[in-house]
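sequence and predicted structure, then a few things I'm wondering about:
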Amino acid sequence: MKQMHDSLIVQTMSRLLIPLAQLFSLYVLFFGQYGPGGGFVAGVIWTTSMILTFLVYGLKSPQGRLVELVLHGDGVGLIIFVGVGGLCLIGGGEFLNYANLEILGMDAPSRRYVGILLTQIGVAVDVAVTGISIVLSLAYHDTEQEYDV
Amino acid sequence: MTRHLPAILFLLPLGLAICLPLIGIKHREWCRPLSIGVLAAMVPVSFANLVGVLQNGTIQYDFGGWAAPVGIEWVADGLASVMTVALSLVGLVCITFLSSVLFPYLGSRIVPFYTLVLLLIASLTGMVFAGDLFNLFVFLEVSALCAYALVGLAGGKALVAGFRYLILGTFGASLYLLGVGYLYAETGTLNMADLAQRVPSLVASKAFAVGVLFMFIGLGIKMALVPLHGWLPDAYTYAPDRVSPMLASLVTKVALYGWIRIMFWVLGAQAVVYQIRLLVLVGILGALAALVGAFLALSQVEIKRMFAYGGLSHIGLVLVGISLGNQTGFVGGVFYLLNDAVMQAGLFFWAGGIIHLYGVRNIEDLSRLHGGAGWMSVALVVLALSMIGIPPTGGFFGKWYIILGAVDSRNYLAIVSVLIATLLTLAYFIKLFERIFRDRSAPQPPLTREVPLAVRISLGATSVAVILLGVMSDHIIRFLLNTAVPPGL
């Protein structure tokens, strides 16, 4: 499945669906603050959109190249997560105690809001990258040189 | 600041582990010095944590500022702090050995390799501090996943051994999780201190008994208690030679520590499961493990496999010690656990060094050394003295206090098993020495190669450490008696 998918219907539909899925994943991410959802689910939805991308357009296409580029962000999600936790630690509170996240001109509730949002983004990034790398390593085992992470 | 030291201790290796993939894109050669640096930084932090715990008492660290029964709690008490000191010291020596020039070049795999090693250290730190049964499970799984990948790294037979380890390890982790589920259903809490208060009312409950047994079998697979040890010998024998010291000295020992934590701090020393005292059960299984492990070690032909079985027997000895039901025995067991971490690391350093310097994998081929490998042989003698249990070394004092505890509680099975295991250990080391020093039948001239600095440092450090542990055993034992004895013992 390394070539581009040749059906016009599939291509057109996915051109429509991929941005929609990504938008929905962002909605789940932000809505997760107050309701069901959050970083993990958002990451999984984002992964499905990325998988659809390289299934339909192939990895050689510009869209597929983007998927490969994403793989290099393996630790970025965790860096965001640990970074936010570490800033709380520097701010004098416990690890991940968002009330101590030092951001100027913010009261405790909005600090907590920002803190949770940032860690959720970190979680989402990591889940998405992990999902994509699992699919890539299962689907393209024979050409692993190309995706040497 | 001392309040945060447990979290900082964990974040040091974790932070580098997650940054390495990004650093590694451009500067592959930085992985090695950075990893050694972080482990070296963990040593003073863990000592500072120990001092802080001694001065201000147990640190209960609530993540996110949520208090204990609701939030996730880490507990740094005397035992946990001593364990992290040992963990960071042994980890530092192991990672020095990893970087020896002896071993084949890893190429681009060096980045994921060091990431896995650092994640392993971080997750083991997490297991030591975890104050919550589920948190313990999470770190158990993270450390196990790293260990599977590290075992499989060598390719070939190691892949099969790693896969077997993965299947059995996952089975063990699932059993542990199932056991935690039973306990949670019975009590509605996962926090260890909170559970400990609710356990006494559950003695008659069948769900509680089943949960405890599942947890024990799950952790038993992880610590390779003898009937459940099937994955260990292959995994340690075929694992890359630079990795097996770290696996042998740390992974199973921390799983054993996890069981000590659950058995004494959650279930209580007097816990009874179906009219059987848990301590008695663990003691019998430990005695069995000590004997069977040492016996199987005697019949091995491969050096690494022999040491792996020797490790199994030592897990049994530690269990014998802690299950005696008195302070002397418990402290002896814990002291032996610390010794064993050092000795296992040292033995696998030696085995790895011998394999790469002289190409000797089997005990028979050791005669090729003609007693020539002076430096290495001296280190082996020192480590063997400790493994067998001969006075100036730590191994002797560990066994001594275990036997003292056994005499106190009139547990003759324990005394007999420790003594027979000692004799068997002596026998299998004599097998090694016979080949090295007496057998001159090999036709080849003795091979002499310069022992690299990293191997000298790591072997020297472990040899000195077993002697130091022996010389200072009196202080360490008294220190453990004052700080690390569980409640109700």
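Thanks, I have it.

so what's the residue count around the residue of the stretch 351-489 of chain B found nearest chain A?
Using Cβ to the nearest Cβ, the single residue of the stretch 351-489 of chain B nearest to chain A is residue B:483, 24.3 Å away. For glycine as for every other residue, the C-beta is placed from the backbone atoms N, C-alpha and C. As a burial measure, residue B:483 scores 16 neighbours (other Cβ atoms under 10 Å in any protein chain shown).

that one touches residue B:54, doesn't it?
Yes - counting by Cβ atoms under 8 Å, residue B:483 touches residue B:54, with 6.8 Å between them.

what do these two both touch?
Listed as contacting both residue B:483 and residue B:54 by Cβ atoms under 8 Å, 6 or more residues apart in numbering or on different chains are residue B:78.

need the contact list for residue 46.
Went with chain A since none was named. So residue A:46 contacts A:21, A:22, A:25, A:124, A:128 (Cβ under 8 Å, 6+ apart).

wrong one, chain B
Residue B:46 neighbours (Cβ under 8 Å, 6+ apart): B:9, B:81, B:84, B:85, B:87, B:88.

take these and keep only those in helices.
B:9, B:81, B:84, B:85, B:87, B:88 (DSSP state H).

can you count the residues close to the closest residue to residue A:102 other than its chain neighbours?
Nearest non-adjacent residue to residue A:102, counting by Cβ to Cβ, 6 or more residues apart in numbering or on different chains: residue A:91, 4.4 Å away. Neighbourhood size, residue A:91 [other Cβ under 10 Å]: 15.

likewise residue B:197?
11.

would you double-check that it falls in a helix?
Yes - using DSSP: H, G, I helix; E, B strand; the rest coil, the assignment for residue B:197 is a helix.

could you check the pLDDT of it?
Per-residue pLDDT puts residue B:197 at 88.

ok, residue A:29 next?
Residue A:29 is assigned a predicted lDDT (pLDDT) of 90.

how about the secondary structure of the residue lying closest to it once chain neighbours are set aside?
Leaving aside its sequence neighbours, residue A:29 sits nearest to residue A:42 (Cβ to Cβ, 6+ apart; 3.7 Å). Following three-state DSSP, residue A:42 is assigned to helix.

quick one, what contacts residue A:42?
A:25, A:26, A:28, A:29, A:32, A:120, A:124, A:127.

what residues does the strand or helix carrying the fourth one touch?
Counting by DSSP states H and E, the secondary-structure element that holds residue A:29 is helix A:8-31. Defining contact as Cβ under 8 Å, 6+ apart, one finds that helix A:8-31 is touched by A:5, A:37-39, A:41-43, A:45-46, A:48-49, A:52-53, A:56-57, A:117, A:120-121, A:124.

now which of those would you call buried?
For the contacts of helix A:8-31, a burial check counting by 16 or more other Cβ atoms under 10 Å in any protein chain shown picks out A:37-39, A:41-43, A:45-46, A:48-49, A:52-53, A:56-57, A:117, A:120-121, A:124.

distance-wise, check the residue in the stretch 201-350 of chain B positioned nearest to chain A relative to residue A:137.
In the stretch 201-350 of chain B, no residue comes nearer to chain A than residue B:240, which is 19.6 Å away by Cβ to the nearest Cβ. When Cβ to Cβ, to the nearest Å is the yardstick, residue B:240 and residue A:137 sit 21 Å from each other.

comparing those two, which shows the higher neighbour count?
With neighbours defined as other Cβ under 10 Å, residue B:240 and residue A:137 compare such that residue B:240 has more, 20 against 13.

three-state assignment of the more buried one?
Assigned state for residue B:240: coil (three-state reduction, three-state DSSP).

once you drop chain neighbours, what's closest to it?
residue B:154 (4.4 Å).
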